[in-house]
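Student: Sequence plus the predicted model coming up.
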Number of protein chains: 2
Amino acid sequence: MAPSLLTTPSQALALTPGASRGGGGGSARVSFPSGRVQRRGGLRVRASVAIEKETPESEPPPTFLREDGSGPGSGSVRERFEAMIRRVQGEVCAALEEADGSGARFVEDAWSRPGGGGGISRVLQDGRVFEKAGVNVSVVYGVMPPDAYRAAKGEAGKNGAAADGAKAGPVPFFAAGISSVLHPKNPFAPTLHFNYRYFETDAPKDAPGAPRQWWFGGGTDLTPSYIIEEDVKHFHSVQKQACDKFDPSFYPRFKKWCDDYFYIKHRNERRGLGGIFFDDLNDYDQEMLLNFATECADSVVPAYIPIIERRKDTPFTEEHKAWQQLRRGRYVEFNLVYDRGTTFGLKTGGRIESILVSLPLTARWQYDHTPEEGTEERKLLDACINPKEWLDL
Amino acid sequence: MAPSLLTTPSQALALTPGASRGGGGGSARVSFPSGRVQRRGGLRVRASVAIEKETPESEPPPTFLREDGSGPGSGSVRERFEAMIRRVQGEVCAALEEADGSGARFVEDAWSRPGGGGGISRVLQDGRVFEKAGVNVSVVYGVMPPDAYRAAKGEAGKNGAAADGAKAGPVPFFAAGISSVLHPKNPFAPTLHFNYRYFETDAPKDAPGAPRQWWFGGGTDLTPSYIIEEDVKHFHSVQKQACDKFDPSFYPRFKKWCDDYFYIKHRNERRGLGGIFFDDLNDYDQEMLLNFATECADSVVPAYIPIIERRKDTPFTEEHKAWQQLRRGRYVEFNLVYDRGTTFGLKTGGRIESILVSLPLTARWQYDHTPEEGTEERKLLDACINPKEWLDL
């Protein structure tokens, strides 16, 4: 397997060198109810911060690809992957707006970069059902700086080649991904995260004939505050179905990988109840993996929306809400301390608002809170400490 | 200057190898209204987590020092520093309880470790004035593991010796510190952080005659959500007075160091409006620096309490509160991403609840929030982006 350069939730967003800092002050903003794109707000430039930044786009261009051999019309994996993530972004956002049911719409920020690449962030905030929902795509051409490379490969690199790669100097790369975190308001409606990404390195400049590397990564995982077995089993069974279409080894392997990855080491807890996660996948046919990533991304709506429909109006108490807020604090801890995509994005100067849209609208840290034995809160915590098998394999 | 091993807010807490994870489940808890110490709760053991952990103490022992040449009765700097931080802990907590005025009391968790050292965490949560206030002391004997050493020395090590130190292998050390973060409820009452610490290395085992290293670090800084000039000037002037008693170069130098340290790089913002910060101080007389750290710690109450008294009952709106919550989000970002003490503590397995007591009770992340030009919110943000001189020097 290739060294792990692109690894997590916001990785695609993270891979946006030279982006805006201090708020997305440079982006044009549009909302897009039911397919129509409307301009909202306009430019807001923070004059006091002089930085190299992305160029806002009033409308996303048809493609963020460079006009090169693997660009528009080439039928390349790059091109088909970009088309897939943009299609999925639209479909997921439409499904979420419908589930929200309030008329609340995703607001869109699109940007491009002079050297190629760009992104589209879509955020629905303070809807009826969703507290904060972000669905982002981005395409990045870049050269990986040494410390970003180190952060990206992380400790969990699947082989030792990563370290050698770091010594070999900056690597020109292409990366595209879709990344999303959905935080509902109702404490019985789980948070969902998904992220699918494709990565290619270019041949190094001093070795133009060298073979390119490519790999796929991604996953979908569920973070409830309360365990409702029906929901967790439904979620995992949809992941398994997607996996089983390609390889019977995928679900058990990627389920464990997910449990291992979303680990808050300092608390000896997983962030949630898992799902699937994979990275550095290149030891299968490239077309097969493109289809697999597509299948996984297309499974987001059937895996999640039925759960939201069932739980969005469940009655709850202040205590339920407070526990959800505590679990959101754990979400923040994982994302800011361990998530390789987030930490990588923060280091490389990615578009901060897009990277940190994964954080919940509100979170809570209560000193030394331990749920009592026998409570539903304790049951969730125990399952985060000792990951369970949710399906009969 | 010595390499920077102990650097920030929760460093003293951080330096507690092998501590409890997953909540302070192993600690005895007591509350101590007006000097009397009362037992509260008792032991709560989380059976599902098998970890090496600190031993809870129903009452803190008179000293956490080892019975060695620099232990109890020796008059050593270690001994006098421990006595100072424990005295200051008591005085600050008493002043905060009085300011809170609700009868709310700090709850105490004390622990020790078999090999020497221990700590006392005191937390007041959901008082009338304070949302969350933590004042912690700890004393640690340890051997610095390689990756903890790297995190502790950080990028900002004041000289290159740190790297050499890391190569030289684990270093036995003594560390003691007081660390505190105070989050009031009222959006016009600022958050305060202070931390003072003393560090000594032992002679390496293979070179028993080698000289010991020692140094002092610490600081006090203010994080308001709104700028009230009278308060900020009062706070900085008390810091300057403390500094000026020792060296006229201290305030300007440590004020800048503070602005540089509490920097949220990915936002190009400081966490707040600064104060003083210093680290690795050993190029002055050791007695003088002990007195200086004592003076700084004793300045916390006169620097902060008058501000709290003035602002604790200021009327505020939901909008003021929401802005405070957003700034608390920034506090979380700094502490989890950049703070060397916190990141070091998380890596070394320090007592998690003590380390993360620095986080606010509640925080908020709103997508792409930028305060309008000319508002009080924007004025605060601008001062975090471009640090100001608050005093006529």
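Tutor: Ah, there it is. Not measured: the values here are computed from a predicted model.

Student: For A:Gly115, give me its contacts.
Tutor: By Cβ atoms under 8 Å, 6 or more residues apart in numbering or on different chains, the contact list for A:Gly115 reads A:Tyr141. In this view, the C-beta of every residue, glycine as well, is placed from N, C-alpha and C.

Student: How is it assigned, secondary-structure-wise?
Tutor: At A:Gly115 the chain is in coil, as set by DSSP: H, G, I helix; E, B strand; the rest coil.

Student: distance of it from A:Asp126?
Tutor: 36 Å (Cβ to Cβ, to the nearest Å).

Student: I figured A:Thr55 was touching A:Ala110, is that so?
Tutor: No. Here A:Thr55 does not reach A:Ala110: they are 9.7 Å apart, not a contact under Cβ atoms under 8 Å.

Student: who has more neighbours, the two?
Tutor: A:Ala110 (24 against 13; other Cβ atoms under 10 Å in any protein chain shown).

Student: Need the nearest residue in space to A:Arg253, chain neighbours excluded.
Tutor: Excluding the flanking residues, the one nearest A:Arg253 by Cβ to Cβ, 6 or more residues apart in numbering or on different chains is A:Phe278, at 7.7 Å.

Student: And that neighbour, how far from B:Glu372?
Tutor: 44 Å.

Student: What residues are bridge-paired with the nearest residue to A:Pro114 once chain neighbours are set aside?
Tutor: Closest residue in space to A:Pro114, ignoring its immediate chain neighbours: A:Thr55 at 6.9 Å, by Cβ to Cβ, 6+ apart. Beta bridges link A:Thr55 to A:Ser112 when assigned by DSSP bridges.

Student: Mind pulling up the pLDDT for whatever residue of the stretch 151-300 of chain A ends up closest to chain B?
Tutor: When distances are taken as Cβ to the nearest Cβ, the stretch 151-300 of chain A reaches nearest to chain B at A:His266, 4.2 Å away. On the pLDDT scale, A:His266 is placed at 94.

Student: which ones are touching it?
Tutor: Per Cβ under 8 Å, 6+ apart, neighbours of A:His266: A:333, A:337, B:21, B:346-347, B:349, B:352, B:355.

Student: Was I right to think A:Tyr263 contacts A:Gly272?
Tutor: No. Using Cβ under 8 Å, A:Tyr263 is not in contact with A:Gly272, being 10.9 Å away.

Student: ok, those two, which is more surrounded?
Tutor: Higher neighbour count among A:Tyr263 and A:Gly272: A:Gly272, with 27 against 18, using other Cβ under 10 Å.

Student: what is the rounded mean pLDDT of stretch A:366-378?
Tutor: 96.

Student: tell me which residues in it are buried?
Tutor: A:366-371, A:377 (16 or more other Cβ atoms under 10 Å in any protein chain shown).

Student: taking those residues one by one, which sit in helices?
Tutor: Taking DSSP state H, the ones among those that sit in helices are A:Glu377.

Student: now A:Asp231: how far from A:Asn195?
Tutor: 21 Å.

Student: who has more neighbours, the two?
Tutor: Ranked by neighbour count (other Cβ under 10 Å), A:Asp231 and A:Asn195 place A:Asn195 first, with 28 against 22.

Student: beta partners of the more buried one?
Tutor: A:Ser179, A:Gly219.

Student: just the one 4 residues further on next, same as before
Tutor: Here A:Phe199 sits in beta bridges with A:Ala175, A:Trp215, as judged by DSSP bridges.

Student: Distance to B:Phe250 added to the buried residues of stretch A:366-378, as CSV?
Tutor: Shown next, in CSV, are those (distance: Cβ to Cβ, whole Å):
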residue, distance to B:Phe250
A:Gln366, 38
A:Tyr367, 34
A:Asp368, 37
A:His369, 40
A:Thr370, 43
A:Pro371, 47
A:Glu377, 49
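
Student: among the buried residues of stretch A:366-378, which are within reach of chain B?
Tutor: The residues of the buried residues of stretch A:366-378 that also fall near chain B, by Cβ under 8 Å from any Cβ of the partner chain, are A:366-370.

Student: out of the buried residues of stretch A:366-378, who's nearest A:Phe254?
Tutor: A:Glu377 (28.2 Å; Cβ to Cβ).

Student: Nearest residue to that closest one in space, please, no chain neighbours.
Tutor: A:Pro371 (3.6 Å).

Student: Also A:Lys388?
Tutor: Going by Cβ to Cβ, 6+ apart, A:Lys388 has A:Leu273 as its nearest residue, at 7.7 Å.

Student: quick revisit: out of the contacts of A:His266, name the ones that lie in helices.
Tutor: Checking those against DSSP H, those in helices are A:333, B:346-347, B:352, B:355.

Student: Could you rank these by neighbour count and give me the top one?
Tutor: B:Ile355 (31 neighbours).

Student: So for the residue nearest to it when sequence neighbours are not counted, what's the pLDDT?
Tutor: Excluding the flanking residues, the one nearest B:Ile355 by Cβ to Cβ, 6+ apart is B:Gly345, at 4.1 Å. pLDDT for B:Gly345: 81.

Student: how deep is B:Gly345 tucked in, by neighbour count?
Tutor: 32.

Student: what's the answer for A:Asp382, then?
Tutor: A:Asp382: 17 neighbours (other Cβ under 10 Å).

Student: ok, which stretches of the stretch 51-200 of chain A are strands?
Tutor: When assigned using DSSP state E, counting those that start in this stretch, the strands of the stretch 51-200 of chain A occupy the ranges A:55-57, A:107-112, A:117-125, A:130-144, A:171-184, A:191-201.

Student: can I get those strands in TSV with mean pLDDT?
Tutor: Shown next, in TSV, are the strands of the stretch 51-200 of chain A (pLDDT from 0 to 100):
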stretch	mean pLDDT
strand A:55-57	88
strand A:107-112	94
strand A:117-125	95
strand A:130-144	91
strand A:171-184	92
strand A:191-201	95
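
Student: Adding distance to A:Ser249, write those out as JSON lines.
Tutor: Listed next are the strands of the stretch 51-200 of chain A as JSON lines, based on distance: least, Cβ to Cβ, whole Å:
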{"stretch": "strand A:55-57", "distance to A:Ser249": "42"}
{"stretch": "strand A:107-112", "distance to A:Ser249": "39"}
{"stretch": "strand A:117-125", "distance to A:Ser249": "33"}
{"stretch": "strand A:130-144", "distance to A:Ser249": "29"}
{"stretch": "strand A:171-184", "distance to A:Ser249": "24"}
{"stretch": "strand A:191-201", "distance to A:Ser249": "19"}
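
Student: B:Pro61 versus A:Phe188, what's the distance?
Tutor: 46 Å.

Student: still on that earlier bit, for the residue nearest to A:Arg253, helix, strand, or coil?
Tutor: Per three-state DSSP, A:Phe278 ends up strand.

Student: That one and A:Gly218 touch, don't they?
Tutor: Yes. Using Cβ under 8 Å, A:Phe278 is in contact with A:Gly218, at 6.6 Å.

Student: Pick out whichever of these two has more residues nearby.
Tutor: Per other Cβ under 10 Å, whichever of A:Phe278 and A:Gly218 has more neighbours is A:Gly218, with 28 against 22.

Student: who's in contact with the nearest residue to that one once chain neighbours are set aside?
Tutor: Leaving aside its chain neighbours, A:Gly218 sits nearest to A:Tyr196 (3.6 Å; criterion: Cβ to Cβ, 6+ apart). Residues near A:Tyr196 by Cβ under 8 Å, 6+ apart: A:85, A:88, A:177-178, A:216-219, A:293, A:296-297.

Student: Would you format those residues as a markdown table with distance to A:Val139 included?
Tutor: Formatted as a markdown table, those follow (distance: Cβ to Cβ, whole Å):
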| residue | distance to A:Val139 |
| --- | --- |
| A:Ile85 | 9 |
| A:Val88 | 14 |
| A:Gly177 | 8 |
| A:Ile178 | 11 |
| A:Phe216 | 15 |
| A:Gly217 | 15 |
| A:Gly218 | 15 |
| A:Gly219 | 20 |
| A:Ala293 | 15 |
| A:Cys296 | 19 |
| A:Ala297 | 15 |
